[in-house]
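1. just a sequence and a predicted model for now, questions to come.
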Amino acid sequence: MLAIIGGSGLSKLSSLDVERREVVRTPYGEPSGALLFGRISGQEVVFLARHGYGHTIPPHKVNYRANMWALKNAGVDGVISVASVGGIRADMLPGALVAPDQIIDYTSGREATYFDGETKVVHVDFTEPYCPILRARLLAAAKAANQAMIDGAVYAATQGPRLESAAEINRLERDGADIVGMTGMPEAVLARELELPYAAIGVVANYAAGRGDSAHGITMDVIEQTLHQAMGQVKALLQHFFAVTP
């Protein structure tokens, strides 16, 4: 059974045939919302809205540890994250879907590990932050759905909730980042600590600051329109994904 974490633009999943909802308490506090158990294309799925079902939790306030622990405790054996991002690289156009393969963490002050207070130091390998098997399945599902999906990108995880300055985006580009978002970390590393395979669908909502039509500013109305259109593609992709997932 896989879990889907929905980000901005995907607080509800209309293709999910909900069978039950479960309010979970964890040793790390409350998750963003109740877990929704249901089916997509006949496959069991758990859905969680990262920002709450009313989209009320900003990225720096998401209880990532509670979210991931709740999903692990529910018995999932993998997680697909859906996250809106800004496009830095020239081909990361608004509306594009991306399967990132690397990540750089620029966040600060977030509860980023389950291993605080352990009797010994624990290090987890994070060479490949995203599960290559889940990534390959997502790319195959996109092809089956006749949708373009960019294979590989470096995700820069920033603190938020403000958007970045043009100079900061220039810095991220120099660091090798292709897309920028606010929720990729510590979500990805917490999944690794829990030994949960994890992959992401990045939905490019806008040009990053200083790029394209964001050269002099970013309009939230345009972002919302782009996400509304792109999430239809994401839902179709997920239906194909689960139709072929054993």
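-> Sure thing, it's come through.

2. residues in contact with residue 186?
-> 64-65, 105, 107, 110-113 (Cβ atoms under 8 Å, 6 or more residues apart in numbering). (Glycine included, C-beta is placed from N, CA and C.)

3. ok, how many other residues are close to the residue nearest to it when sequence neighbours are not counted?
-> The shortest distance from residue 186 to any non-neighbouring residue, by Cβ to Cβ, 6 or more residues apart in numbering, is to residue 112 (3.7 Å). Look at residue 112: counted by other Cβ atoms under 10 Å, it has 18 neighbours.

4. among the contacts of residue 186, name the ones in strands.
-> residue 105 (DSSP state E).

5. from memory the residue nearest to residue 186 sits against residue 190, does it?
-> Yes. Between residue 112 and residue 190 there is a contact under Cβ atoms under 8 Å: 7.4 Å.

6. what is in contact with the two at once?
-> Counting by Cβ under 8 Å, 6+ apart, the residues touching both residue 112 and residue 190 are residue 64.

7. just the buried members of the contacts of residue 186?
-> Buried subset of the contacts of residue 186 (neighbour count, 16 or more other Cβ atoms under 10 Å): 64-65, 105, 107, 110, 112.

8. pLDDT on the helix or strand encompassing residue 192, on average?
-> Taking DSSP states H and E as the definition, one finds residue 192 inside helix 187-193. Across helix 187-193, pLDDT averages out at 98.

9. start to end distance for stretch 38-47?
-> 8 Å (Cα to Cα, to the nearest Å).

10. got the contact list for it?
-> 1-4, 6, 13, 15-20, 35-37, 71, 74, 76, 238-240, 242-243, 245.

11. buried subset of those as a PyMOL selection?
-> Of the contacts of stretch 38-47, the buried ones go into a single PyMOL selection, burial set by 16+ other Cβ under 10 Å:
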select buried, resi 2+3+4+6+13+15+16+35+36+37+71+76+238+239+240+242+245
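
12. ok so, going back, report the buried residues of the helix holding residue 192.
-> 187-193.

13. and for that helix, what's in contact with it?
-> Against helix 187-193 from outside (Cβ under 8 Å, 6+ apart): 5, 64-65, 67-68, 79, 81, 103, 105, 112-115, 122, 124-126, 129-130, 197-198, 200.

14. so how far is stretch 154-171 off the chain centroid?
-> 16 Å (Cα atoms, centre = their mean, to the nearest Å).

15. in that stretch, which residues are buried?
-> So, applying 16+ other Cβ under 10 Å, buried residues of stretch 154-171: 154-160, 163-164, 168-170.

16. quick check, nearest of those to residue 57?
-> Nearest to residue 57 among those is residue 160, at 11.4 Å by Cβ to Cβ.

17. what packs against the lengthiest helix in the chain?
-> Ranked by residue count under DSSP state H, the longest helix found in the chain is helix 220-244. Helix 220-244 is packed against strand 35-40, strand 43-49, strand 79-87, strand 97-99, helix 132-144, strand 198-207, with contacts defined by 3 or more Cβ pairs under 8 Å, 6 or more residues apart in numbering; DSSP states H and E.
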